[in-house]
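**Student:** My questions concern the predicted model and sequence given below.
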Amino acid sequence: MSHRLSLAHIEHAMHVIDPVFLNTPQYRAESLERALGCRLVVKVETLNPIRSFKGRGASYLTAQVPTGAQLVCASAGNFGQAMAYACRSRGIRLIVYASVHANPLKIERMQALGAEVRLHGDDFDAAKLGARRLATSGVTFIEDSRDVATGEGAGTMGLELLRWPEPLDSVLVALGNGAMLTGVGRWVKAYVPATQMIGVAAQGAPAMVESWRTGRIIEYSAVHTIADGIAVRIPIPEAVKDMDGTVDDALLVGDDAILAAMKLLHQHLGLVVEPSGAVGVAAILEHRARFQDQLVATIICGGNLTPQQVHRWLLDG
């Protein structure tokens, strides 16, 4: 079976991506394991200048863009920060479209990193439509997950995860537009096919999971979840196709489980994790019997919360 995502490119990306995003900590979260009923390896992608994994794909993608180019993209916040950081270092002008309801902390950081931010539409997919309309012969539209370099850059996490000295039974990865899941899954399934690659999406944003399961694109008019980083209502067809052969299963988790997972990660590991970064742990909470006694890995993929969100979600109660 052929794949858009190239193993050779993933390996090459390890030599191209800004080192600040590579070789992130991965360790047993032993204090959490009793609560979860499995052995858990966490890979922490929040200890970098943008607090998320998105720097990997953005760094690899922009390395292929000429200096002086003009780009436009859409973002719920983390991809926009990653692109702004990468474009600033390469002298590339960037415009980011974000929803009028986007996380204000993420908007502020995109602007601080040099991006021009335009607020458009009620959600991420509406903002994306605005960004696509701007694209002309002089401004190139970049789409996370559709542009294959974003998935290949994210795939470097799979390469690093497989350095773990024991075989992993399952790897739980947040499923938004799909770059992280398909990139990591492409590497893991190629080298350790027995490891189960499992995507985790929010119950209030099931479009990607349903599209993959049915083999046809299913769109929603609205999404309802606190996990804004994975709140996709209009799937990217190429990314859904990329799941074939790289993903074994997909699970949906509720906001209550996501909040419980965020609190557990904060209390036991001292990590400030945004909702989309905690869905792997949420999946274990909701499917405890399935992962009983397994060696499970999950990627803590983002940690951008406003002070108000930290107080409301992590400290209250």
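**Tutor:** Ah, there it is. Residues are numbered from 1 along each chain as shown.

**Student:** just checking, E11 touches L159?
**Tutor:** Yes. Using CB atoms under 8 Å as the test, E11 is close enough to L159 to be in contact (7.0 Å). The C-beta positions use only the backbone N, C-alpha and C, and glycine is treated the same way.

**Student:** Looking at those two, which is more packed in?
**Tutor:** For E11 and L159, the more surrounded residue by other CB atoms under 10 Å is L159, and the numbers stand at 19 against 14.

**Student:** How about the contacts made by the more buried one?
**Tutor:** For L159, the contact set (CB atoms under 8 Å, 6 or more residues apart in numbering) comprises 10-11, 14, 187.

**Student:** Now for it, which secondary structure element holds it?
**Tutor:** Here L159 sits within helix 156-161, counting by DSSP states H and E.

**Student:** Buried residues in that helix, which are they?
**Tutor:** When burial is assessed from 16 or more other CB atoms under 10 Å, helix 156-161 yields the following buried residues: 156-161.

**Student:** What of stretch 79-90?
**Tutor:** When neighbours are counted by 16+ other CB under 10 Å, the buried residues of stretch 79-90 are found to be 79-88.

**Student:** Mind checking the pLDDT average for stretch 114-129?
**Tutor:** Averaging pLDDT along stretch 114-129 yields 93.

**Student:** rewinding a little: strands - which of the contacts of L159 land there?
**Tutor:** The strands, defined by DSSP state E, take in nothing from the contacts of L159.

**Student:** Redo these as JSON lines? Include distance to R118 and pLDDT.
**Tutor:** Putting those into JSON lines (distance: CB to CB, whole Å; pLDDT from 0 to 100) gives the following:
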{"residue": "I10", "distance to R118": "32", "pLDDT": "98"}
{"residue": "E11", "distance to R118": "36", "pLDDT": "98"}
{"residue": "M14", "distance to R118": "34", "pLDDT": "98"}
{"residue": "W187", "distance to R118": "35", "pLDDT": "98"}
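
**Student:** Just the buried ones from those?
**Tutor:** The neighbour count (16+ other CB under 10 Å) marks 10, 14, 187 as buried among the contacts of L159.

**Student:** Just the pLDDT for M1.
**Tutor:** What the model reports for M1 is a pLDDT of 67.

**Student:** Show the contacting residues for V139.
**Tutor:** Contacts of V139 (CB under 8 Å, 6+ apart): 70-72, 95.

**Student:** follow-up on the earlier one: output the contacts of L159 in CSV, with distance to E108 appended to each entry.
**Tutor:** Rendered in CSV, the data for the contacts of L159 read as follows (distance: CB to CB, whole Å):
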residue, distance to E108
I10, 32
E11, 36
M14, 31
W187, 34
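
**Student:** what's the most distant pair in these?
**Tutor:** Between all members of the contacts of L159, the longest pairwise span (CB to CB) is found for M14 and W187 and amounts to 10.7 Å.
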